[in-house]
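Student: Provided below are the primary sequence and the corresponding predicted coordinates.
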2 protein chains.
Amino acid sequence: MVSPHNADTPGSAARKPVAQIRYELLTLGDELLLGLTANGHLTFIGAQLGRRGVTLGRNVTITDEAEVIVAQFRESWARADVVITTGGLGPTCDDRTREAIAEVLGQKLVRDADIVQSIADRFTRLGRKMTDNNLKQADRFERGEVLPNGNGTAPGLWVEQDGKVLVMLPGPPNELQPMFLEQVVPRLAARGLLLEREAYVQLRTAGVGESMLETRLQPLFNPYGDALSVAFCAHQGAVDCRVSSPSGRLSYEQLEGIARECGALLGEDLMCYGHDTLAKTVSDLLRAQEKTLAVAETATGGLLANAFTGVHGACKFFAGGVVCYSNDAKMQLLDVPECLLAQHSAVSDECAVALATGAAETLSADYALAVTGFAGPCTGTTQHPVGTIFVALHAPHGVWSKKLNYPGPRETVKVRTVNAALDWLRRELLRAASGAETPARRSGVMQ
Amino acid sequence: MVSPHNADTPGSAARKPVAQIRYELLTLGDELLLGLTANGHLTFIGAQLGRRGVTLGRNVTITDEAEVIVAQFRESWARADVVITTGGLGPTCDDRTREAIAEVLGQKLVRDADIVQSIADRFTRLGRKMTDNNLKQADRFERGEVLPNGNGTAPGLWVEQDGKVLVMLPGPPNELQPMFLEQVVPRLAARGLLLEREAYVQLRTAGVGESMLETRLQPLFNPYGDALSVAFCAHQGAVDCRVSSPSGRLSYEQLEGIARECGALLGEDLMCYGHDTLAKTVSDLLRAQEKTLAVAETATGGLLANAFTGVHGACKFFAGGVVCYSNDAKMQLLDVPECLLAQHSAVSDECAVALATGAAETLSADYALAVTGFAGPCTGTTQHPVGTIFVALHAPHGVWSKKLNYPGPRETVKVRTVNAALDWLRRELLRAASGAETPARRSGVMQ
């Protein structure tokens, strides 16, 4: 593999402060523009660059027609210091990126025998037949490097030319992501094109609206004027606040100080500093207190359980979960009394409490969360329209339920409900840790 | 609300064939470029336009700095017939889109009393205090219309000017999506800027690789030359193939004929025509055969159950699911014998079979799927490394298990496992419907 960058380093880019280095991301493929595949590459690459002091300047998604790729790449290559492309490296006839970009760079494509071999090996290992169209994935730039792909057939490509860097990555996320973290980030950092450490301080909050959060925090930001940059980002039932100083007039330590002031003001509305999820925060509290958790859910259909099993080491504290749409399942698995279901219906405070208690007892867990309700779109009653959800929390010292109501589509209702349930447990665990008395009901969950 | 479009219709755009109308989507917000929020708007809007004959020409994601918005909007407005923007309409100080675009259009912003009232009403209804920064969401273009927002505070905006259409939508998906479907699509179609019906025919396949699929289908496509456009799109364990005729030389009926030929050739590898999910296809088969389903899962953590509960009317056939990470949960909830776990371990063919049988029996279901394995990243053994998954299928006439192995990150392993399990059940239900003998093991699941 050729390594031409001694002769042709991206010198002009590397002499600038990292925050001024212009990155552009070209995400290629009709399947993105037609909405058949989500553009997760923007999310992933944007987040990785953002943490290291670079705000991706622009992401352009275009069709995989050769002339469109040529025109857009020419424009981006002229404007940016680093251009990253994703997709269009695969085996089928609509994968034309390599050829189009070679034209703009004035480079030849050569077939790489090592790549041919590794593609053939991969097919052999998986016991599948290699069709001929796979071979064009072995074409690389004559003056460029290959980024091996441990998880798929098409390798990535790296070119340093015209004082700039081009990184071409394969489209499948399970191939792109390890390649980016293991091969691309270290190369970019080594050339001074990324910071080594995080560039901003983030507070994550739960249970507070975005405008209310800004109103509460603004007085703390005012003294810093335009030395401080503040950005808010609302998720479903959670809002992040990032403080940074793009001008560099405030040090990282000063930013941490500002974030700590915010945290003190927010109290238990602060979920964490940094990037942890609500499920991770709750898991850490459970593990620190050596408590276990069970869940029972109808409307959230498995998402509440899944929030925990996505957490590293979940088997240590997650006793299990039950998805019990039917009344039979509620009775069979969690001992919910038939008369309770008949009297109060499955969508009720009483049923939520019975589900939480049943889950805690059946699975011998210290805490249990239960969700029952109408996530839509197919059910609902006059008394409890779609979006009506009951959440119950079983703790060692009692069990409570509360009624929530979320408008919007089913997926939104589900995510907001999971977040509301997790946030309730989080607040409960914080109080347990502090030894506080627990009131039977509280209003921490944002409606 | 002002309705200026009689004087200023998008005449030049509407006279073109729909496929030639140039759409650009500007997705605004540092949170997208920093990867803090996924760009679901591209997926959603791209899919909606694509189905109606428009391939979104370009999606550009830029920062929410005013000068960047001005420059990019000026460029897109000059190039496109329809420009759609998302985000930047909210209440906080980093929401600057309205002002930037008014500058390019040469329009004034006026505060709309009706919008002020509806925002105030919304806060009252939710029992929350309206802070003053919410008021700027009531600013609209002097010559433009308002798209009411039933699910949030910031309304959308619609402008027809310079023979073009501008649509500005709020960022939260649960606000944007109904607004787009209910208000924007009908307006665009009424002006001849979208087709009334679907523009391509899609086959969804499961269990076949992308390059193998192309190799199998290519002979059917060859006779049509460049009159036929074919695109493949690989998901996790599923590949879509879309056939269309952008030149219009093939009629929709001819495209349907080609798709039917492909379907006949693919046999049970064809999952469906159109846009149904694997879970929806399986659900339709279960409902048609009046059978019920239960699931038990470890490594997929609730995602297998969630695939079904997202399907309309799932309560009709989905008996329930159990997420049983711990051995206690397997024994307590599903009667898996302790000696089986001791002899074979929880990650084994035997345990998968016991989980499926236990789920079917406990929940009185006709079919059951079970998943046990190591999704990573924290466990795994020498014998069964991370990515080793056992899936079992319990049917009225027997129970089988198979071992799968997926490389890649946890989320990929989980999604591929769910898809493989669903595909196995799908093939089994197809055979049951056709009265075929069921072999104890088959190789339909793509590794």
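Tutor: Sure thing, it's come through.
Student: in the stretch 151-300 of chain A, what residue is nearest chain B?
Tutor: Using CB to the nearest CB, the single residue of the stretch 151-300 of chain A nearest to chain B is A:N174, 3.6 Å away. Glycine gets a C-beta too; all of them are placed from N, C-alpha and C.
Student: Buried residues in the strand or helix carrying that residue, which are they?
Tutor: Assigned by DSSP states H and E, A:N174 falls within helix A:173-179. Neighbour-count burial for helix A:173-179, counted by 16 or more other CB atoms under 10 Å in any protein chain shown, picks out A:P173, A:N174, A:E175, A:L176, A:Q177, A:P178, A:M179.
Student: what's the pLDDT at A:T381?
Tutor: pLDDT for A:T381: 65.
Student: Same check on A:M1?
Tutor: For A:M1, pLDDT reads 38.
Student: A:L278 reaches A:G207, doesn't it?
Tutor: No: at 10.1 Å, A:L278 does not count as touching A:G207 under the criterion of CB atoms under 8 Å.
Student: Overlap in contacts, those two.
Tutor: Listed as contacting both A:L278 and A:G207 by CB atoms under 8 Å, 6 or more residues apart in numbering or on different chains are A:A238, A:D423.
Student: Same list (the buried residues of helix A:173-179) but as TSV, adding pLDDT.
Tutor: What follows is those, written out as TSV (pLDDT from 0 to 100):
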residue	pLDDT
A:P173	85
A:N174	82
A:E175	90
A:L176	93
A:Q177	93
A:P178	92
A:M179	96
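Student: who touches the helix or strand just after the helix holding A:N174?
Tutor: Next in sequence after helix A:173-179, counting helices and strands by DSSP H and E, comes helix A:185-190. Applying CB under 8 Å, 6+ apart, the external contacts of helix A:185-190 come out as A:Q48, A:R52, A:V82, A:W158, A:V165, A:L194, A:L195, A:E196.
Student: you'd agree A:G46 is up against B:D30?
Tutor: No: using CB under 8 Å, A:G46 makes no contact with B:D30, being 9.2 Å away.
Student: So for these two, which residue has more residues nearby?
Tutor: The neighbour comparison of A:G46 against B:D30 (other CB atoms under 10 Å in any protein chain shown) goes to A:G46, with 27 against 23.
Student: For the more buried one, what is the enclosing helix or strand?
Tutor: helix A:40-51.
Student: now the angle from that helix to helix B:40-51?
Tutor: Here the directions of helix A:40-51 and helix B:40-51 differ by 160 degrees (axes from the mean of the first three to the mean of the last three CA atoms, to 10 degrees).
Student: Helix A:40-51 and chain B, any residue contact?
Tutor: Yes: judged by CB under 8 Å from any CB of the partner chain, helix A:40-51 comes into contact with chain B at A:G40, A:L42, A:T43, A:F44, A:I45, A:G46, A:A47, A:Q48, A:L49, A:G50.
Student: same for that helix, what does it pack against?
Tutor: Contacts defined by 3 or more CB pairs under 8 Å, 6 or more residues apart in numbering or on different chains; DSSP states H and E place helix A:40-51 against strand A:23-28, strand A:82-86, helix A:173-179, helix B:30-33.
Student: For A:Q72, which of those is the nearest?
Tutor: strand A:23-28 (6.3 Å; CB to CB).
Student: tell me what that closest one is packed against?
Tutor: Under the contact criterion of 3+ CB pairs under 8 Å, 6+ apart, strand A:23-28 touches helix A:40-51, strand A:58-62, helix A:66-79, strand A:82-86.
Student: Give the full set of residues in contact with A:F73.
Tutor: With contact taken as CB under 8 Å, 6+ apart, A:F73 is in contact with A:L26, A:V83, A:T85, A:A100, A:I101, A:V104.
Student: how about those, which pair is most distant?
Tutor: Pairwise distances across the contacts of A:F73 (CB to CB) peak at 12.9 Å, for the pair A:V83 and A:A100.
Student: for stretch A:17-32, which positions count as buried?
Tutor: Residues of stretch A:17-32 classed as buried by neighbour count (16+ other CB under 10 Å): A:18, A:21-32.
Student: for stretch A:262-279, that is, sorry about that
Tutor: Result for stretch A:262-279 [16+ other CB under 10 Å]: buried residues A:C262, A:G263, A:L266, A:E268, A:D269, A:L270, A:M271, A:C272, A:D276, A:T277, A:L278, A:A279.
Student: Can I get those residues in CSV including secondary structure and pLDDT?
Tutor: Putting the buried residues of stretch A:262-279 into CSV (DSSP: H, G, I helix; E, B strand; the rest coil; pLDDT from 0 to 100) gives the following:
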residue, secondary structure, pLDDT
A:C262, helix, 97
A:G263, helix, 97
A:L266, helix, 96
A:E268, helix, 95
A:D269, helix, 96
A:L270, strand, 97
A:M271, strand, 96
A:C272, strand, 96
A:D276, coil, 91
A:T277, coil, 91
A:L278, helix, 94
A:A279, helix, 93
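Student: biggest separation within those residues, which pair?
Tutor: A:C262 and A:A279 (22.7 Å).
Student: Give me the mean pLDDT for the lengthiest helix in chain A.
Tutor: The longest helix of chain A (DSSP state H) is helix A:410-434. For helix A:410-434, mean pLDDT rounds to 92.
Student: circling back: test my guess that the residue of the stretch 151-300 of chain A closest to chain B contacts A:G152.
Tutor: Yes: with contacts counted by CB under 8 Å, A:N174 reaches A:G152, the gap being 7.5 Å.
Student: Quick check: buried residues in stretch A:66-78?
Tutor: A:V68, A:I69, A:V70, A:Q72, A:F73, A:S76, A:W77.
Student: so who does the first one touch?
Tutor: It refers to A:V68. Contacts of A:V68 (CB under 8 Å, 6+ apart): A:I62.
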